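> Provided below are the primary sequence and the corresponding predicted coordinates.
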Amino acid sequence: MLARFRVLLPYTFSVRVDDACAPEEFERDGYRIKVYPPYQAATSIDALANPTTPVSDVLAALHPREPIARDETIDIDGRPTFRANALQIDVLKDDFDRRPTGPDSPGADDPPVDMLFEVVNSLLFRLRSVGRAITLHPIERKRSCWRIEFLNDAGEPLALERGKARARNGAAFSLRTTGFTEPYWRTATGLPRDFRTQAWEALLLDAEDHLPELTPALVLAAASLETLIGSALAAVPPEERTAAELWKFVNDRGDYRKEPSVAEQYDQLLHALTGHSLKERAELWTAFQNLRSARNSLMHEGALAIGGVAVTQEQAYALIARAKEIADWIEGLLPPVARRPGAAPLMQFHVTRPLIANR
């Protein structure tokens with residue numbers, strides 16, 4: 001029996017029309033797996049941009065487009081191309097557990113969907129490195145549209161059998177938008193036209209933007225906090241000449257190995273200048289230490305880890321949230337002129353999306 005897995009990608013490959021790429025074949029966990037090169041699906045991620053398009057329509061159109069639509073704007077080595085936006089994996093096994101999911105049954109996970117996404121990301125990691133491809137990123141099950149069809153050995157649909165599924169679907173999508181209201185516009189246009197985002201804030205915004213990719217998100221967040229404390233301490237210099245000279249001696253030793261560490265800046269130096277230390281907020285101090293630990297582990301060990309344990313996606317999201325809290329807390333200690341402009345009023349979003357088409 002054959003389980004055909006297809007998943008829609010959030011980006012495209014430009015593929016030469018006449019290239020013939022053999023599928024990658026291997027065995028894993030009792031399954032025979034064939035991974036095919038990217039293909040052009042009969043739908044695209046852009047279809048989800050239309051709020052009236054049911055997600056089920058997108059899932060039903062994950063099959064290859066026929067005929068292929070050539071891309072008249074791009075050629076490779078003088079040869080025509082098409083844009084591929086999906087991947088296919090065939091999983092072969094004598095039989096699959098096809099019990100459907102229902103109120104009285106958790107259903108089966110055969111073949112395991114998480115395993116299939118691991119196979120997909122294994123391919124994407126290799127393609128990204130070999131091609132130095134900045135546009136390629138791993139994908140998540142929770143943010144992807146995918147479908148598994150169960151077929152016979154000849155690739156034909158199975159006959160209907162009571163209590164056995166002939167396909168499984170997974171539909172998830174993320175919506176990123178910036179709300180725009182009159183107060184938002186008024187607040188932004190009230191700033192000077194030469195206003196520029198501070199370096200530490202740009203790093204922090206970029207860190208959150210890179211999620212769910214853990215490595216760039218956490219590295220940028222750690223860099224943001226290091227940049228923040230430097231600018232924050234500079235914004236509250238001692239007023240007396242003797243104290244100022246002492247500050248210069250402590251903070252600029254001519255050798256970075258003699259200068260205060262980032263942890264000392266958030267603790268002793270911040271307390272000396274403002275009367276407060278980040279240690280006053282135990283949860284923020286712990287997050288600060290964990291974020292730096294994860295980043296240092298990556299630099300020295302080649303993997304994000306805290307206390308020798310790999311950082312999870314949930315931890316990464318929590319650390320970014322804490323980094324934002326640290327920034328807010330530090331800004332509260334600064335004179336108004338050194339703070340970011342006030343944020344626009346909070347907005348509440350409600351998204352309505354049809355999931356299933358009536359057929």
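In hand now; what should we look at? Note that the structure is a prediction, hence the values are computed from the model and not measured.

> Tally up the residues packed near the closest residue to K142 other than its chain neighbours, please.
The shortest distance from K142 to any non-neighbouring residue, by Cβ to Cβ, 6 or more residues apart in numbering, is to A172 (5.3 Å). C-beta coordinates here come from the backbone N, C-alpha and C atoms, glycine included. Using other Cβ atoms under 10 Å, A172 has 12 other residues around it.

> give the contact list for A172.
A172 sits next to R141, K142, R143, S144, C145 when contact means Cβ atoms under 8 Å, 6 or more residues apart in numbering.

> likewise P138?
Counting by Cβ under 8 Å, 6+ apart, P138 touches N121, L124, F125, E213.

> Ok, K34 next?
P23, E24, E25, I89, D90, V91, L92.

> ok, and the most crowded of the residues you listed?
Ranking the contacts of K34 using other Cβ under 10 Å puts I89 first, with 25 neighbours.

> Surely it and L2 touch.
No - contact criterion Cβ atoms under 8 Å: I89 and L2 do not qualify, at 10.7 Å.

> picking up where we left off before, looking at neighbours, which among the contacts of P138 is most surrounded?
L124 (19 neighbours).

> hmm, back to that, could you tell me which of the contacts of K34 are located in helices?
Using DSSP state H, no member of the contacts of K34 falls within helices.

> Need those in JSON lines (columns: distance to N50 and pLDDT).
Formatted as JSON lines, these follow (distance: Cβ to Cβ, whole Å; pLDDT from 0 to 100):
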{"residue": "P23", "distance to N50": "33", "pLDDT": "95"}
{"residue": "E24", "distance to N50": "34", "pLDDT": "96"}
{"residue": "E25", "distance to N50": "38", "pLDDT": "96"}
{"residue": "I89", "distance to N50": "28", "pLDDT": "98"}
{"residue": "D90", "distance to N50": "31", "pLDDT": "97"}
{"residue": "V91", "distance to N50": "32", "pLDDT": "97"}
{"residue": "L92", "distance to N50": "36", "pLDDT": "96"}
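
> so which strand or helix has the nearest residue to A323 once chain neighbours are set aside?
Distances taken as Cβ to Cβ, 6+ apart put A221 closest to A323, at 4.5 Å, once the chain neighbours are dropped. Taking DSSP states H and E as the definition, one finds A221 inside helix 214-234.

> Would you mind writing the CA trace of that helix as PDB?
Taking C-alpha atoms only, helix 214-234 is exported to PDB below (Å, rounded to 0.1, in the frame of the first residue of the first chain):
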ATOM      1  CA  LEU A 214      14.800  29.400  16.900                       C
ATOM      2  CA  THR A 215      18.400  30.100  16.000                       C
ATOM      3  CA  PRO A 216      18.100  33.600  14.400                       C
ATOM      4  CA  ALA A 217      15.300  34.600  16.800                       C
ATOM      5  CA  LEU A 218      17.300  33.800  20.000                       C
ATOM      6  CA  VAL A 219      20.600  35.100  18.700                       C
ATOM      7  CA  LEU A 220      19.000  38.400  17.700                       C
ATOM      8  CA  ALA A 221      17.100  38.700  21.100                       C
ATOM      9  CA  ALA A 222      20.400  38.100  23.000                       C
ATOM     10  CA  ALA A 223      22.100  40.800  20.900                       C
ATOM     11  CA  SER A 224      19.200  43.100  21.500                       C
ATOM     12  CA  LEU A 225      19.500  42.900  25.300                       C
ATOM     13  CA  GLU A 226      23.300  43.500  25.100                       C
ATOM     14  CA  THR A 227      22.700  46.500  22.900                       C
ATOM     15  CA  LEU A 228      19.900  47.800  25.100                       C
ATOM     16  CA  ILE A 229      21.900  47.800  28.400                       C
ATOM     17  CA  GLY A 230      24.800  49.700  26.800                       C
ATOM     18  CA  SER A 231      22.500  52.400  25.500                       C
ATOM     19  CA  ALA A 232      20.500  52.500  28.700                       C
ATOM     20  CA  LEU A 233      23.500  53.000  31.000                       C
ATOM     21  CA  ALA A 234      24.800  55.700  28.700                       C
END
